[in-house]
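Participant: need a structure here:
(chains A and B)
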Number of protein chains: 2
Amino acid sequence: MASSPSGKPVLYSYFRSSCSWRVRIALALKGITYDQVPVNLLKDGGQQLAAEFQVVNPMQQVPALKIDGITLSQSLAIIEYLEETRPNPRLLPQDQKKRAQVRMISDHIVSGIQPLQNLAVLQRVGEKKLEWAQHYITNGFQALERILKNTAGRYCVGDEVSMADLCLVPQVYNAERYKVDLALYPTITRINKTLLELEAFQVSHPTKQPDTPAELRA
Amino acid sequence: MASSPSGKPVLYSYFRSSCSWRVRIALALKGITYDQVPVNLLKDGGQQLAAEFQVVNPMQQVPALKIDGITLSQSLAIIEYLEETRPNPRLLPQDQKKRAQVRMISDHIVSGIQPLQNLAVLQRVGEKKLEWAQHYITNGFQALERILKNTAGRYCVGDEVSMADLCLVPQVYNAERYKVDLALYPTITRINKTLLELEAFQVSHPTKQPDTPAELRA
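Facilitator: Numbering: from 1, shown residues only, chains lettered A, B, ... in the order given. The predicted structure follows:
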């Protein structure tokens, strides 16, 4: 696996991993340039499980970010670290209660929805995987729609882009992949559309990564 | 559902919910007194789904904490809020890289292990639920053991109790419930045992809550 002769941070990432996408958005918003090393979750039985990748990230997952002499894993832990070390522009509001709302929405998506519809789990579920994914995304979006009615402005919490928005857009992308009826969630849909107009969400999009297969490129 | 005539924070909690336990440990460590309102996840088809509880927490989950005029949900978001507003004793180290390690371990447990073995998911899995729970806890603990070899001192990250420890102990409790062989994870087992000697982990234990059934009380 690549070192970083350029001295830039190195992101181990898979184009379609929603957790990887969250981190790519954070890096783009904060203007941090980085080298990207693709890790294909489908090829060779999952390249994240290879012995050489376990040396990079003992969790054997993407994303992982080599930065400042350490390697971090877990998308929200990475984003919180970037926020503490590169605070501009901020991804957590100044107000403590709003920060709590941002983290609550982020955790709801990251621990309440995404893990139940990720690739490895759906492979284990087997033939009912579409129904399973739809069930958990639908359940999670019903709650999320109710929460956003209290917190949203232009974006998930007020009018500033926050960590919650970095979680929302990749989760909506997954929902579309699994054919969830998004018409039931007008607030989610509106915010998602608004966010996708921002450059940081476009350049980090799964259809535009170095490892995006030609037939999926946009 | 109860208001708080005492003015104290109100924790909506279920004795055996590992997510609730994390927050109870944080409250105990920080010396925050609170009123507890039990929400039974099994009774009445799940009291967290009742319309009156949805008013309290639109996410229809425990834990939820009413505090400072707001109601927060998601255990890590609650703990981060407590840390920002009641910083002593701290649950996140001062050093930024160590903070990142604490969050990485916490997220690994909270989004990588617990959601895949929680009550609702296992009900949906059906008859293979024990095997399913063991699979995800075992997978998660293999990675966790590797991580802790790099980060642990007396506790998960160095020698100070941190948010990661609040996630570890309830997850080990779940592992024991699902008969996972813990002998394979000497670091996890050692840290868990050391933490259980601390008063905050004892008073918050599932066997000692107001809603713990008589036959499970310790």
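Participant: Could you break chain A into its assigned domains?
Facilitator: A:10-89, A:96-201 (automatic domain parsing).
Participant: Is chain B within reach of the longest one?
Facilitator: Yes - Domain A:96-201 comes into contact with chain B when judged by C-beta under 8 Å from any C-beta of the partner chain, the residues involved being A:96-97, A:99-100, A:103-104, A:106-108, A:110-112, A:114-116, A:121, A:124, A:132, A:135, A:143, A:146-147, A:150. (Glycine included, C-beta is placed from N, CA and C.)
Participant: Keep only those of those residues that are in helices.
Facilitator: The subset of the residues of domain A:96-201 next to chain B located in helices under the criterion DSSP state H comprises A:96-97, A:99-100, A:103-104, A:106-108, A:110-112, A:121, A:124, A:132, A:135, A:143, A:146-147, A:150.
Participant: The lowest-mean-pLDDT helix or strand in chain A: which residues count as buried?
Facilitator: Using mean pLDDT, DSSP states H and E, the weakest-scoring helix or strand in chain A turns out to be helix A:51-56, at a mean of 86. Neighbour-count burial for helix A:51-56, counted by 16 or more other C-beta atoms under 10 Å in any protein chain shown, picks out A:F53, A:V56.
Participant: quick one: contacts of that helix?
Facilitator: Here helix A:51-56 makes contact (C-beta atoms under 8 Å, 6 or more residues apart in numbering or on different chains) with A:M1, A:Y12, A:V39, A:Q47, A:Q60, A:A64, A:K66, A:T71, B:R146.
Participant: List only buried entries from those.
Facilitator: Using 16+ other C-beta under 10 Å, the buried ones in the contacts of helix A:51-56 are A:Y12, A:V39, A:Q47, A:Q60, A:A64, A:K66, A:T71.
Participant: among these, which are in strands?
Facilitator: Within those, residues falling in strands by DSSP state E are A:Y12, A:A64, A:K66, A:T71.
Participant: Report the beta-bridge partner residues of the third one.
Facilitator: Yep, that's A:K66 we're talking about. For A:K66, the beta-bridge partners under DSSP bridges are A:V10, A:T71.
Participant: what's it in contact with, if anything?
Facilitator: Contacts for A:K66 (C-beta under 8 Å, 6+ apart) come out as A:S4, A:P9, A:V10, A:L11, A:Y12, A:V56.
Participant: Just confirm the third one contacts A:T33, I think it does.
Facilitator: No - with the criterion set as C-beta atoms under 8 Å, A:V10 and A:T33 do not qualify as a contacting pair; they are 11.2 Å apart.
Participant: The two - which one has more neighbours?
Facilitator: A:V10 (21 against 9; other C-beta atoms under 10 Å in any protein chain shown).
Participant: can you pull the pLDDT of that one?
Facilitator: In this model, A:V10 is scored at 97, pLDDT.
Participant: and the gap between it and chain B?
Facilitator: 16 Å (C-beta to the nearest C-beta, to the nearest Å).
Participant: What does A:Y185 show for phi and psi?
Facilitator: Taking degrees, to the nearest 10, you get phi -130, psi 70 for the backbone angles of A:Y185.
Participant: State the number of residues packed around it.
Facilitator: Neighbour count for A:Y185, taken as other C-beta under 10 Å: 20.
Participant: got the contact list for stretch A:143-159?
Facilitator: Contacts of stretch A:143-159 (C-beta under 8 Å, 6+ apart): A:93, A:98, A:101-102, A:104-105, A:108-109, A:112-113, A:161-162, A:164-165, A:168, A:184-188, A:191, A:194-195, B:54, B:58-60.
Participant: Just the buried ones from those, in ChimeraX syntax?
Facilitator: Buried residues among those (16+ other C-beta under 10 Å), as a ChimeraX selection:
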select /A:93,98,101,102,104,105,108,109,112,113,161,162,164,165,168,185,187,188,191,195 /B:58,59,60
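Participant: burial of A:G45, as a residue count?
Facilitator: Here the count is done by other C-beta under 10 Å, and A:G45 has 9 residues near it.
Participant: show me where pLDDT drops low in chain A?
Facilitator: Low-confidence segments of chain A (pLDDT under 70): A:1-6.
Participant: Check the burial of A:T189 by counting its neighbours.
Facilitator: Using other C-beta under 10 Å, A:T189 is surrounded by 16 other residues.
Participant: same question but for A:D181, I mixed them up
Facilitator: By other C-beta under 10 Å, the residues close to A:D181 number 10.
Participant: Pop out the phi and psi values for it.
Facilitator: Phi and psi for A:D181, reported as degrees, to the nearest 10, are phi -80, psi 100.
Participant: quick one on the thing from earlier: pull the most distant pair out of the contacts of A:K66.
Facilitator: A:P9 and A:V56 (13.1 Å; C-beta to C-beta).
Participant: Just give the closest residue to A:V172, not the sequence neighbours.
Facilitator: Excluding its sequence neighbours, the residue lying closest to A:V172 (C-beta to C-beta, 6 or more residues apart in numbering or on different chains) is A:N192, at 4.5 Å.
Participant: ok, back up a step: quick one: which of the contacts of A:K66 is nearest to chain B?
Facilitator: Of all the contacts of A:K66, A:V56 has the smallest distance to chain B: 12.0 Å, by C-beta to the nearest C-beta.
Participant: Now do whichever helix or strand A:W21 is part of against helix A:96-112, angle only.
Facilitator: Per DSSP states H and E, A:W21 falls inside helix A:18-29. Orientation check (axes from the mean of the first three to the mean of the last three C-alpha atoms, to 10 degrees): helix A:18-29 against helix A:96-112 gives 140 degrees.
Participant: dump the residue contacts of A:S106.
Facilitator: A:L76, A:M163, A:A164, A:L166, A:C167, B:A77.
Participant: Check A:S162 too.
Facilitator: A:L91, A:L92, A:P93, A:V102, A:Y155, A:C156.
Participant: And for A:R103, the neighbour number?
Facilitator: Around A:R103 there are 27 residues (other C-beta under 10 Å).
Participant: Could you list the alpha-carbon positions for stretch A:67-85 in CSV?
Facilitator: Provided in CSV are the C-alpha atoms of stretch A:67-85 (Å, rounded to 0.1, in the frame of the first residue of the first chain):
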residue,chain,number,x,y,z
ILE,A,67,-2.3,12.2,8.6
ASP,A,68,0.1,13.9,11.0
GLY,A,69,2.0,10.7,11.5
ILE,A,70,-1.0,8.6,12.6
THR,A,71,-3.6,6.5,10.8
LEU,A,72,-7.2,7.1,11.8
SER,A,73,-10.2,5.0,11.1
GLN,A,74,-14.0,5.5,11.5
SER,A,75,-15.4,8.4,9.5
LEU,A,76,-16.8,10.5,12.4
ALA,A,77,-13.6,10.1,14.4
ILE,A,78,-11.6,11.3,11.3
ILE,A,79,-13.9,14.2,10.8
GLU,A,80,-13.8,15.3,14.5
TYR,A,81,-10.0,15.1,14.3
LEU,A,82,-9.9,17.3,11.1
GLU,A,83,-12.3,19.7,12.9
GLU,A,84,-10.0,20.0,15.9
THR,A,85,-6.8,20.3,13.9
